[in-house]
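Novice: Fold the following and give me the result.
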Amino acid sequence: MTTLQPAPPSGARGLSRVRRLRARVELFARTPLGPLSVAAAAAGAMGVLQVADPNEAGHYPSCPFLSVTGLLCPGCGSLRMLHALGAGDVVAAFWLNPLGLLLLPTLVAYWVAWLRRTVTGRPRGAPLHAAWVWAFLVVTASYWVARNLPGLELLAPGPPPGG
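Specialist: The predicted structure is shown next:
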């Protein structure tokens, strides 16, 4: 015979699920399967971008921020930038989203460091210093404002000048 125990409050049960899920995600992130899965997803997304050209209407939804406000966000032009980059046209990629293109090497460097950490078993290093996070936020906000100012149309997604 089994004894009946009162069920834990629903909040406690939910918290336990969250902890188990967090533990699984952390374990996944600490094995090479984590960064390799992210690389596979990125390669798949780049493949989709090469097949379904974002320059043709109807393949992707438009930017919600642009649709609502009529203003460009920092990410406007990113799909077309990645499409151009996948086609090997770095100049066009730059003119579609300069900040996005300039940040890609940093993103790749963080991915390589993550993969190296999982393969070697080294513990995770210190998180980014707050000054770097603030610098990124200031640069992104400044870029967001600048690409919507009259006279700075060069920052709007489009073909290179004279092209």
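Novice: Going by C-alpha atoms from here, please, whenever you check contacts or count neighbours.
Specialist: Will do.
Novice: Name the nearest residue to Gly100, ignoring sequence neighbours.
Specialist: Leaving aside its chain neighbours, Gly100 sits nearest to Ser78 (6.8 Å; criterion: C-alpha to C-alpha, 6 or more residues apart in numbering).
Novice: Please pull out the lowest mean pLDDT helix or strand from this protein.
Specialist: helix 10-30 (a mean of 73; mean pLDDT, DSSP states H and E).
Novice: by contact count, what packs against the very next helix or strand once past that one?
Specialist: Next helix or strand after helix 10-30 toward the C-terminus (DSSP states H and E): helix 33-51. Secondary-structure packing of helix 33-51 (3 or more C-alpha pairs under 8 Å, 6 or more residues apart in numbering; DSSP states H and E): helix 78-86, helix 98-120.
Novice: With just CA atoms, put helix 33-51 into CSV.
Specialist: Written as CSV, here are the backbone C-alpha positions of helix 33-51 (Å, rounded to 0.1, in the frame of the first residue of the first chain):
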residue,chain,number,x,y,z
LEU,A,33,26.1,19.9,-28.9
GLY,A,34,25.0,23.4,-27.9
PRO,A,35,27.2,25.6,-30.1
LEU,A,36,27.0,23.0,-32.9
SER,A,37,23.2,23.2,-32.8
VAL,A,38,23.3,26.9,-33.0
ALA,A,39,25.7,26.7,-36.0
ALA,A,40,23.4,24.3,-37.7
ALA,A,41,20.4,26.5,-37.1
ALA,A,42,22.3,29.5,-38.4
ALA,A,43,23.4,27.6,-41.5
GLY,A,44,19.8,26.5,-42.1
ALA,A,45,18.6,30.1,-41.7
MET,A,46,21.2,31.3,-44.2
GLY,A,47,20.1,28.5,-46.6
VAL,A,48,16.5,29.7,-46.4
LEU,A,49,17.6,33.3,-47.0
GLN,A,50,19.4,32.2,-50.1
VAL,A,51,16.4,30.3,-51.4
